[in-house]
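> Sharing a model prediction with you, sequence too.
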Amino acid sequence: DTAVSQTPKYLVTQMGNDKSIKCEQNLGHDTMYWYKQDSKKFLKIMFSYNNKELIINETVPNRFSPKSPDKAHLNLHINSLELGDSAVYFCASSHTFTGELFFGEGSRLTVL
Amino acid sequence: SQQGEEDPQALSIQEGENATMNCSYKTSINNLQWYRQNSGRGLVHLILIRSNEREKHSGRLRVTLDTSKKSSSLLITASRAADTASYFCATDAASGGSNYKLTFGKGTLLTVNP
């Protein structure tokens, strides 16, 4: 069973469109994250949620809106996509605020 | 802001050789972690070392931590072609708590040639 799963794995879309990425974890973790990895492999945190509550919002444009319907799911909706949004988006989860992160396989977003 | 910086950016070795990667960070930490990322895949946790630990082993991996120098190293012994991947160090801020987040470096791309 996949521990942290994201869909879709690939997303190609036009500038200005709106898209969503979904994430689910079956590890029973309380905390979930979205990270963005750019073309140079730099990985930067975007958001973290703990028990459905937003904990960290790292100066991300408000075109990005995370939603956590329950503690096993964390979705990311992006409005008015821009070229610079092209990246790989990783969902991750952790059991506590100090432990290791479990990552999904990533969602590669290409904005044309 | 970026916390960890790995060095070197890229490393190419022959199978059977040892590989050493270094990580430097800027602020006090609770723990430091190392992750591996195979091409096109997600990151996989390798090892966590706490700020009060100096060395930790896991199989062929050996991690050291020098908090006075704010640096860590990851040694992979007897490397295999399957070790080819990017390796990232990640640190958390010592304040921790509900603001816990891992800050990653840019990684070291390790290539192990058969």
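Thanks, I have it.
> in the helix or strand of chain B with the lowest mean pLDDT, what counts as buried?
Ranked by mean pLDDT, DSSP states H and E, the weakest helix or strand in chain B is strand B:5-7, scoring a mean of 82. Within strand B:5-7, the residues scored as buried using 16 or more other C-beta atoms under 10 Å in any protein chain shown are B:5-6. C-beta: built from backbone N, CA, C; applies to glycine.
> That one pairs with which strands, and in what direction?
strand B:19-24 (antiparallel) (DSSP bridges).
> neighbouring contacts of the partner strand?
Residues outside strand B:19-24 that contact it (C-beta atoms under 8 Å, 6 or more residues apart in numbering or on different chains): B:4-8, B:11, B:13, B:32, B:34, B:69-76, B:79, B:83, B:87, B:89, B:105, B:108, B:110, B:112.
> can you check stretch B:53-63 too?
B:32, B:34, B:46-49, B:64-66, B:72-79.
> What residues does chain A have near chain B?
By C-beta under 8 Å from any C-beta of the partner chain, the residues of chain A that approach chain B are A:4, A:31, A:33, A:35, A:40-45, A:48, A:50, A:55-56, A:58, A:90, A:92, A:97-106.
> Doesn't B:A82 belong to a helix?
Yes - counting by DSSP: H, G, I helix; E, B strand; the rest coil, B:A82 is part of a helix.
> Skipping adjacent residues, who's closest to it in space?
Spatial nearest neighbour of B:A82, excluding adjacent residues (C-beta to C-beta, 6 or more residues apart in numbering or on different chains): B:V112 at 7.8 Å.
> ok, that neighbour to B:R80 distance?
B:V112 sits 6 Å away from B:R80, going by C-beta to C-beta, to the nearest Å.
> Then A:S80?
Counting by C-beta to C-beta, the gap from A:S80 to B:R80 is 46 Å.
> repeat for B:I49
23 Å.
> Give me the more crowded residue out of those two.
B:I49 (20 against 12; other C-beta atoms under 10 Å in any protein chain shown).
> Make sure the more buried one is actually in contact with B:D66.
No - if you go by C-beta atoms under 8 Å, B:I49 and B:D66 don't touch, sitting 10.7 Å apart.
> Common neighbours of the two, please.
The contact sets of B:I49 and B:D66 overlap at B:S72 (C-beta under 8 Å, 6+ apart).
> pLDDT weak spots in the chain?
By default, I'm working from chain A. Within chain A, the segments meeting pLDDT under 70 span A:1, A:97-98.
> sorry, should have said chain B
Using pLDDT under 70, the flagged stretches of chain B are B:1-4, B:94-99.
> again, 90 this time
B:1-7, B:27-30, B:92-103, B:105-106 (pLDDT under 90).
> what residues does it put near chain A?
So far as C-beta under 8 Å from any C-beta goes, chain B lies against chain A at B:2, B:30-31, B:33, B:35, B:37, B:40-45, B:48, B:86, B:88, B:90, B:92, B:96-104, B:106-107.
> Regarding A:G84, what is its secondary structure?
A:G84 ends up helix, using three-state DSSP.
> beta partners of the residue lying closest to it once chain neighbours are set aside?
Sequence neighbours aside, A:V111 is the residue nearest to A:G84 in space, at 7.9 Å (criterion: C-beta to C-beta, 6+ apart). A:V111 has these beta-bridge partners by DSSP bridges: A:T13.
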